[in-house]
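Colleague: Here you go, sequence then predicted model.
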Amino acid sequence: MTEITGAKAVVKTLEKLKVKVMFGLPGGAIMPVYDELYDSNIRHILVMHEQHAAHMADGYARASGRPGVCIATSGPGSTNLITGIATAYMDSSPIIALTGQVPTTLMGAGAFQETDMVGLSTHITKWAVQAKRPSDVPRLITAAYKVSITGRPGPVVVDLPKDVQINAEEMDVDVDWVPRGLKPVPEPRPDDLRKAAEMIAEAERPVIIAGGGVKWARASHLLMRLAEMLPAPVATTFMGKGSFPETHPLSLHCVGMHGNPAAHDVIQKADLLIVIGARFSDRTTSKMDEFGQKAKILHIDIDASEIGKNKEVDHAVVASADKALEGIIGYLEKIARNDGRKTQWIRRVEEIREKWEEIVGDDSPVGQSTVGRIFKAMRESTPPNTIITTEVGQNQMWAEVFWRTIEPYTFISSGGLGTMGFGFPAAIGAKVAKPEAPVMDIAGDGSFLMNENNLAVVSSENIPVIVVILDNRRLGMVAQWQRMFFNRRYVAVEIPPVPDFVKLAESYGVEGVRAETPEEVGRAITHALRNNIPMVIQVPISPEENVYPFVPPGKSYREVILPGGRK
Amino acid sequence: MEKRRYLVWALTENQPNLVEKMMGLLRRQEVYYTVRKLYFEPLRSDGMALFTVEVECTEKSLRKLIKFYSQYVEVIDIGYKPVEG
């Protein structure tokens, strides 16, 4: 036990937890912690807005599988984190937000930059706590780290009053404490695993639907093993994109609002849906009543509260995806399986896929659209380990439709909250976590205008991420909905022809390029990767270009809208 | 399904935001849950508290509520019983 300040305890505890980097912006109520960073090896990346610090921590977590740490001062610094924390919460991402707070003696007095951060963040965190005294700090930060990654991951907030940071107490930073209510990762029950394996063995037309839980459990290799041993086709939810290689013959790509109609067709013909680490969100299932009508449903999820929450299922295994898959594969290896029928099913899946290929495949009007060809050029000019982040809107959905993930855990997007402005800072976080991997943010002009000041970060910190702006000078997805559902009555969707994104990038010391063709996009990416530099690539596209396929909200998969309005 | 009254109790950490967190779930889903009574009592020992809510809902909604509450980091133990009469 040694006597140290709360601020020193923050940094020493983070060092003990092997935290290498934190993203933040200092201010009065967190300055004692920043002062301790002066003597620490923890890398601090200065952001231009605290929301981006949370997104960077989130991108770091999603790329690495380890918690990301962000830090801000009290009041506006803390409230600016809120959108980033909510984004992480909706997508089950483990971030630790450290927030400064006014001294305990001033709380409730309406002090300068006072806000109730624990109260504000309670509903968007797994755990939100405030240190009451310096010696609370090591156990709370240690526990925060564990809470964020134990079971279903999620964000945590540790609020640090300034007097708690300044004052000193005797303490030991090497503590091992967790809240009594922290549930251990559930071990799958053998009976549940056996029954799941029997359902899979008996099925003639199984389909695997993989969600974000497969990625958080780093279980892609086991997903592949299950799919190939049966065999069974694999579709992913939007959050599950990147859990299974989309170049694999068994891949059906994504399901959902802008999902692959072939995947939807296969799901509607299946007799068993094996849903792993997914939560049956409305964006995935479309019309819930008609989703997988002919199929039994086997649901595997780490969170027991997700079982039966949105969709009644026939059987469930409560466990992390890796443990459940290991167990099920183990049982499947020992019992007789209906593999002959499954092989016939794969042939039928191929026929279904070929039928849809004419309509949504690479050589179809969808694949040959301007945006389709741009994505093809991007994929051809980047290695398999390239990490893609997206903003939100048309850019995001085009990335879902056209980008083909190859290596696992290389697709990062705000799926649950749908946060415009997420992609660029998340790309920075991902690049810091995985410096060896190329990282590219797919942006729209609207989203980029929410986060373009991150160019200052990539410039000053020399973080070579590429931003590709699909520039239609519109809030494109809103415009698409106004076009389709509001009789072209466009309101508040036009973005003025300023700024010049190339000049804007250059003003930050970042190379900017205007690319008019897919070939020019490919060349610009190759140039950026070869020289290991950050780059902004502005790609003008038509404001009339829609995202297809499109299942309108509340409709069933059968009511998909295709180019030319074809259904 | 028929709605009826249940008494749900949870042994929790005695945290200042606990009531807010527990009630927030019921508030957001008030189409399913009608809160009739609420008690929150810090216990003498060990920084724990007893949260008790009498809620009117279907059995299915009750099961969901118990599952949700069970996942909370602050909830150490949980139980329920139908309210007679």
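Modeller: Structure's in. What do you need?
Colleague: Show me the domain layout of chain A.
Modeller: Domain assignment of chain A by automatic domain parsing yields the ranges A:2-171, A:190-359, A:370-547.
Colleague: which residues of chain B fall in helices?
Modeller: For chain B, helices defined by DSSP state H occupy the ranges B:18-28, B:59-71.
Colleague: residue ranges with poor pLDDT in the stretch 351-500 of chain A?
Modeller: For the stretch 351-500 of chain A, no stretch is flagged by pLDDT under 70.
Colleague: scratch that, chain A
Modeller: Counting by pLDDT under 70, chain A contains low-confidence residues at A:565-567.
Colleague: If we ignore the residues flanking it in sequence, what's nearest A:Gly476?
Modeller: The shortest distance from A:Gly476 to any non-neighbouring residue, by CB to CB, 6 or more residues apart in numbering or on different chains, is to A:Gln394 (3.7 Å). In this view, the C-beta of every residue, glycine as well, is placed from N, C-alpha and C.
Colleague: Which residues of chain B lie near chain A?
Modeller: Contact residues of chain B with respect to chain A, defined by CB under 8 Å from any CB of the partner chain, are listed as B:12-13, B:15-17, B:20-21, B:24, B:48, B:63-64, B:67-68, B:70-76.
Colleague: If we use 6 Å, what do you get?
Modeller: Proximity of chain B to chain A is assessed by CB under 6 Å from any CB of the partner chain, with B:Asn17, B:Glu20, B:Lys21, B:Gly24, B:Lys67, B:Phe68, B:Gln71, B:Val73, B:Glu74, B:Val75, B:Ile76 identified as the residues in range.
Colleague: thinking again about what came up before, can you lay out the helices of chain B as a markdown table showing distance to A:Ala270?
Modeller: Rendered in a markdown table, the data for the helices of chain B read as follows (distance: least, CB to CB, whole Å):
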| stretch | distance to A:Ala270 |
| --- | --- |
| helix B:18-28 | 33 |
| helix B:59-71 | 26 |
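Colleague: Of those helices, which is nearest A:Val371?
Modeller: Of all the helices of chain B, it is helix B:18-28 that lies closest to A:Val371, at 37.3 Å by CB to CB.
Colleague: Now do the contacts for the residue of chain B found nearest chain A.
Modeller: Using CB to the nearest CB, the single residue of chain B nearest to chain A is B:Lys67, 4.0 Å away. The contact partners of B:Lys67, by CB atoms under 6 Å, 6 or more residues apart in numbering or on different chains, come to A:Ala304, A:Ser305.
Colleague: Then the one 3 residues further on?
Modeller: The neighbourhood of B:Ser70, defined by CB under 6 Å, 6+ apart, consists of B:Ile78.
Colleague: Look at it and report its pLDDT.
Modeller: Turning to B:Ser70, the model gives it a pLDDT of 94.
Colleague: measure it to A:Asn546 for me?
Modeller: Using CB to CB, to the nearest Å, we find B:Ser70 at a distance of 44 Å from A:Asn546.
Colleague: do A:Gly512 as well
Modeller: For A:Gly512, the distance to A:Asn546 - CB to CB - is 27 Å.
Colleague: try A:Pro190
Modeller: 50 Å.
Colleague: Of those two, which one has the most company?
Modeller: Of the pair A:Pro190 and A:Asn546, A:Asn546 is the one with more neighbours under other CB atoms under 10 Å in any protein chain shown, namely 20 against 11.
Colleague: May I have the secondary structure class of that one?
Modeller: Using DSSP: H, G, I helix; E, B strand; the rest coil, the three-state assignment for A:Asn546 comes out as coil.
Colleague: how many neighbours does the nearest residue to it once chain neighbours are set aside have?
Modeller: The spatial neighbour of A:Asn546 that comes closest, neighbours along the chain excluded (CB to CB, 6+ apart), is A:Gln480 at 5.1 Å. When neighbours are counted by other CB under 10 Å, A:Gln480 registers 22.
Colleague: Wait, A:Gln480 touches A:Tyr548, no?
Modeller: No: between A:Gln480 and A:Tyr548 there is no contact, the gap being 9.9 Å when judged by CB atoms under 6 Å.
Colleague: Quick check: end-to-end length of stretch A:82-100?
Modeller: 14 Å (CA to CA, to the nearest Å).
Colleague: Can you pull the residues of chain A lying near chain B?
Modeller: Within chain A, the positions lying close to chain B (CB under 6 Å from any CB) are A:118-119, A:122-123, A:126-127, A:147, A:179-182, A:304-305.
Colleague: got a winner among those residues for most neighbours?
Modeller: Of the residues of chain A next to chain B, A:Trp127 is surrounded by the most neighbours, 29 neighbours in total, counting by other CB under 10 Å.
Colleague: Could you check how far that one is from B:Leu26?
Modeller: Counting by CB to CB, the gap from A:Trp127 to B:Leu26 is 20 Å.
Colleague: and the residue of the stretch 251-400 of chain A nearest chain B?
Modeller: Using CB to the nearest CB, the point where the stretch 251-400 of chain A gets nearest to chain B is A:Ser305, with a distance of 4.0 Å.
Colleague: Wasn't that residue part of a helix?
Modeller: Yes: checked against three-state DSSP, A:Ser305 lies within a helix.
Colleague: Give the closest residue to it in space, chain neighbours not counted.
Modeller: Nearest-residue entry for A:Ser305: B:Lys67, 4.0 Å, with adjacent residues in sequence omitted and distances by CB to CB, 6+ apart.
Colleague: quick one: stretch A:228-236 to chain centroid distance?
Modeller: Centroid separation between stretch A:228-236 and its chain, computed with CA atoms, centre = their mean, to the nearest Å, is 23 Å.
Colleague: For that stretch, buried residues please.
Modeller: Judged by neighbour count using 16 or more other CB atoms under 10 Å in any protein chain shown, the buried positions of stretch A:228-236 are A:Leu230, A:Pro231, A:Ala232, A:Pro233, A:Val234, A:Ala235, A:Thr236.
Colleague: Chain B: which of the residues you listed is nearest?
Modeller: Among the buried residues of stretch A:228-236, A:Thr236 lies closest to chain B (CB to the nearest CB), at 24.4 Å.
Colleague: what residues are up against the closest residue to the closest one other than its chain neighbours?
Modeller: In space, and not counting its chain neighbours, A:Thr236 is closest to A:Ala210: 4.8 Å by CB to CB, 6+ apart. Contacts for A:Ala210 were tallied using CB under 6 Å, 6+ apart; they are A:Leu223, A:Thr236, A:Gly240, A:Ser243, A:Phe244, A:Ile276.
Colleague: Identify the bridge partners of A:Ala210.
Modeller: A:Ala210 forms beta bridges with A:Thr236, A:Ile276, as assigned by DSSP bridges.
Colleague: can you give me the strands for chain B?
Modeller: Per DSSP state E, chain B carries strands over the ranges B:4-13, B:34-42, B:48-57, B:75-82.
Colleague: export these to a markdown table and tack on mean neighbour count?
Modeller: Conversion of the strands of chain B to a markdown table gives the following (neighbours: other CB atoms under 10 Å in any protein chain shown):
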| stretch | mean neighbour count |
| --- | --- |
| strand B:4-13 | 19 |
| strand B:34-42 | 13 |
| strand B:48-57 | 19 |
| strand B:75-82 | 15 |
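Colleague: would you list these in TSV and tack on distance to A:Lys132 and mean pLDDT?
Modeller: Formatted as TSV, the strands of chain B follow (distance: least, CB to CB, whole Å; pLDDT from 0 to 100):
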stretch	distance to A:Lys132	mean pLDDT
strand B:4-13	13	96
strand B:34-42	15	95
strand B:48-57	16	96
strand B:75-82	20	96
